[in-house]
Each structure stands twice: as structure tokens, then as C-alpha cells.
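Visitor: sequence and predicted structure, then a few things I'm wondering about:
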Number of protein chains: 2
Amino acid sequence: MFRHVVTFRWNSESSPEHVTALKGALSGLPAILPDLRRYAYGTDAGINEGNYDFAVVAEFDNAEGYLAYRDNDEHARIIQTFIAPYLDSRTVVQFDFND
Amino acid sequence: MFRHVVTFRWNSESSPEHVTALKGALSGLPAILPDLRRYAYGTDAGINEGNYDFAVVAEFDNAEGYLAYRDNDEHARIIQTFIAPYLDSRTVVQFDFND
């Protein structure tokens, strides 16, 4: 599988309502992106101090599937509406792993 | 599933040999941690600029499985030997997602 991993730290504009709206928006992506084989996201569980606030893990058969996700219009709208205004910082990695 | 996600940025001590050794060490963990249901890790694919260098995604049935992984002695040895000396920065998130 080809994996796309993002961790997010929110700014002070974020709220539980913002995160609920973001999750709702993300939940619609698998239906419109058939190459998105597995998709998981959520708020940090609060077990360890110093963690980031939210993460997304997306799995594809290959890099082409990821590129279709990256460049999808609805995905771009979600980033613009529910992520960018609330973002302090994020980190991103894509990697191939032979499951 | 309960997911544990880490992104890493390496310092100037890191090398391809270091990363190969790290991957080899990580590959032994599922055999000694039965609660580690799914485990993937790898070097950034180089598709996007500004990405971090490496990521780990571990999946467990629940937070208890993650805690057994977090507190495992061999896992601690891997962090001490193959991660800490090469680490510039890392981000961590644990989250529950109802697959």
C-alpha cells in the first residue's frame, strides 16, 4: 500500500465544532475517490503530552491513487474551508510499504 | 482500530544505512507484540516538497495494545539506538477510528 500521513496542530481558532465539521467533510471523500482504499482520521486521544492534535492516514494501491486524492477538488475545498483557517502547523509523509 | 502515527525529520547524522537498520529493527516488532495488528513505516517518497523524512503507522484493537507497544523494552531499545541519535524533530498522534 501507498500511505499518506498527515499530523496537524490547530491554532486558537479551532474548536470541537470545527473538528466535528472537518470529520464530517472527510467522511465523504471515500465515496468520490475509489482509489482511497482505507481512510482514517481523528483527534489525539490525550494519552501522551506534547502530541499533535489531529492525524489523517490514507491508503492507496499506489502513488497515482494518492495524486488523485491530493488533486481532487472536493479535497481542496475541505482543506481551504476546514483546515487552513485552523492550522498552526502540519507535517506530511508519503511512503510505500509492502504489506 | 486504535492508531499510533509518528512523523520524523532526521538530523544530519542520518544516512541511508541508518534508515535501513531502523527498518530492519522495526520489522521484528510484530512478532513480539501480538497486539500490533498492522504496522507500516517508510521513507518519504519525495513527491512533495517540505515533507518530513519518515513515518510509522501502527494499528491496535485498542489503547491498551498501543500502551504495550509504547512501553515494550525492545521498542525502547530501537528508539534509543536507531531513532534518538538521528532525530531532528518528530510529531505524534494517537487516535481511535471506527473502521
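Guide: Looks like it came in fine.
Visitor: can you map out the strands along chain A?
Guide: A:2-10, A:38-43, A:54-60, A:87-96 (DSSP state E).
Visitor: which residues sit against the third one?
Guide: This means strand A:54-60. Residues from elsewhere that reach strand A:54-60 (Cβ atoms under 8 Å, 6 or more residues apart in numbering or on different chains): A:1-8, A:10, A:19, A:22, A:26, A:35-44, A:66, A:69, B:3, B:5, B:57, B:93, B:95. Every C-beta, even on glycine, is put in place using the N, C-alpha and C of the backbone.
Visitor: direction included, what does that strand pair against?
Guide: strand A:2-10 (antiparallel), strand A:38-43 (antiparallel) (DSSP bridges).
Visitor: would you mind giving these as TSV with mean neighbour count and mean pLDDT added?
Guide: What follows is those, written out as TSV (neighbours: other Cβ atoms under 10 Å in any protein chain shown; pLDDT from 0 to 100):
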stretch	mean neighbour count	mean pLDDT
strand A:2-10	24	98
strand A:38-43	19	98
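Visitor: which among those strands is found nearest to A:Asp53?
Guide: Proximity to A:Asp53 (Cβ to Cβ) singles out strand A:2-10 among the strands paired with strand A:54-60, at 4.8 Å.
Visitor: and the angle from that closest one to strand B:87-96?
Guide: Put simply, strand A:2-10 runs at 90 degrees to strand B:87-96, going by axes from the mean of the first three to the mean of the last three Cα atoms, to 10 degrees.
Visitor: in the lengthiest helix in chain A, what's buried?
Guide: Secondary structure of chain A read by DSSP state H shows that its longest helix is helix A:16-26. By neighbour count on 16 or more other Cβ atoms under 10 Å in any protein chain shown, the buried set for helix A:16-26 is A:19, A:22, A:25-26.
Visitor: how about these in JSON lines, adding pLDDT and distance to chain B?
Guide: Converted to JSON lines, the buried residues of helix A:16-26 look like this (pLDDT from 0 to 100; distance: Cβ to the nearest Cβ, whole Å):
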{"residue": "A:Val19", "pLDDT": "97", "distance to chain B": "11"}
{"residue": "A:Leu22", "pLDDT": "98", "distance to chain B": "13"}
{"residue": "A:Ala25", "pLDDT": "97", "distance to chain B": "15"}
{"residue": "A:Leu26", "pLDDT": "98", "distance to chain B": "11"}
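Visitor: bridging residues for the spatially most central residue of chain A?
Guide: With distances taken as Cα atoms, centre = their mean, A:Val56 lies nearest the centre of chain A, 3.4 Å away. With DSSP bridges applied, A:Val56 shows beta-bridge pairing to A:Val6, A:Tyr41.
Visitor: so how far is B:Asn62 from it?
Guide: 21 Å (Cβ to Cβ, to the nearest Å).
Visitor: please apply the same query to A:Arg3.
Guide: Counting by Cβ to Cβ, the gap from A:Arg3 to B:Asn62 is 22 Å.
Visitor: can you check A:Ala25 too?
Guide: Counting by Cβ to Cβ - A:Ala25 and B:Asn62 are separated by 27 Å.
Visitor: how about the residues of chain A by chain B?
Guide: With Cβ under 8 Å from any Cβ of the partner chain as the criterion, chain A meets chain B at residues A:1-3, A:5, A:7, A:9, A:38, A:40-45, A:47-48, A:50-55, A:57, A:63, A:66-67, A:70, A:91-97, A:99.
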